[in-house]
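S.K.: Everything below, folded, please.
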Amino acid sequence: KLMGSEREIASLKEALESVRYEAMTDQLTGVGNRKRFDRAIEEALLASEATNEPFSLLVCDIDHFKKFNDTHGHQTGDQVLRLVGSTIKGSVAQNAIACRYGGEEFCVILPSSKLGTATQIADVIRQAVMGKELVKRSTGETLGRVTISIGVAELNMSDTVQSLIERADQCLYAAKHAGRNRVVNETQFAAQESAA
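M.R.: Numbers count the residues shown, from 1 in each chain. Modelled structure (predicted):
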């Protein structure tokens, strides 16, 4: 009877873990969802405060996604989101947390990463996405390549989650404004602002 109970408990734990994983995963792309991101960035902030370890945030946006979606349809748009999500996830270390922030935006939390390292990782992601050729599944038609723009910010001692996200977002919009398919970090953004 005791062995049966232990098996049942193990089975319930496994089922619970599976449900927990599904609740934190974006069903379309397979990366973390917004709920996962919100929880992970809070945890990263607390861990950074406790250990004095740096961490950086990447905010990524698919260039011209709406136009692409309108031209080729939502199923192809979903294929693009899956491709970008899997490419981002495959381009970062195991301890990095890749999430779909919403729409065509993705975020990556990079624990123990200073701004320079995070910028290099962002460029690896950008190049990996650009290197994928998109083929429409239903027809085999080649649709070209997709590009992304990425903003990069490193946690400051005075940061809240919101201020960190806002800085990474400003960098993302600077990358878009500068012509898309590029990475802009907060040091580059500050230099652009002072030169303007």
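
S.K.: Do you know the pLDDT at residue 4?
M.R.: pLDDT recorded at residue 4 is 76.

S.K.: now do residue 98
M.R.: Per-residue confidence (pLDDT) for residue 98: 97.

S.K.: Check residue 18 too.
M.R.: pLDDT at residue 18 comes out at 68.

S.K.: again, but for residue 7
M.R.: 81.

S.K.: Near it, how many other residues are there?
M.R.: Around residue 7 there are 10 other residues, counting by other CB atoms under 10 Å. Where you see a C-beta, it was placed from the backbone N, CA and C, and this is true even at glycine.

S.K.: what about it, distance to residue 13?
M.R.: Noted for residue 7: a distance of 11 Å to residue 13, by CB to CB, to the nearest Å.

S.K.: any idea which helix is longest in the protein?
M.R.: Scanning the chain for the helix with the most residues, using DSSP state H, yields helix 2-23.

S.K.: Show residues contacting it.
M.R.: residue 35 (CB atoms under 8 Å, 6 or more residues apart in numbering).

S.K.: and the helix or strand following it with helix 2-23, angle?
M.R.: For helix 2-23, the following helix or strand on the C-terminal side (DSSP states H and E) is helix 34-51. Computed with axes from the mean of the first three to the mean of the last three CA atoms, to 10 degrees, the direction of helix 34-51 lies at 100 degrees from that of helix 2-23.

S.K.: Show me which residues of helix 34-51 are buried.
M.R.: Neighbour-count burial for helix 34-51, counted by 16 or more other CB atoms under 10 Å, picks out 36, 37, 40, 41, 44, 45, 48.
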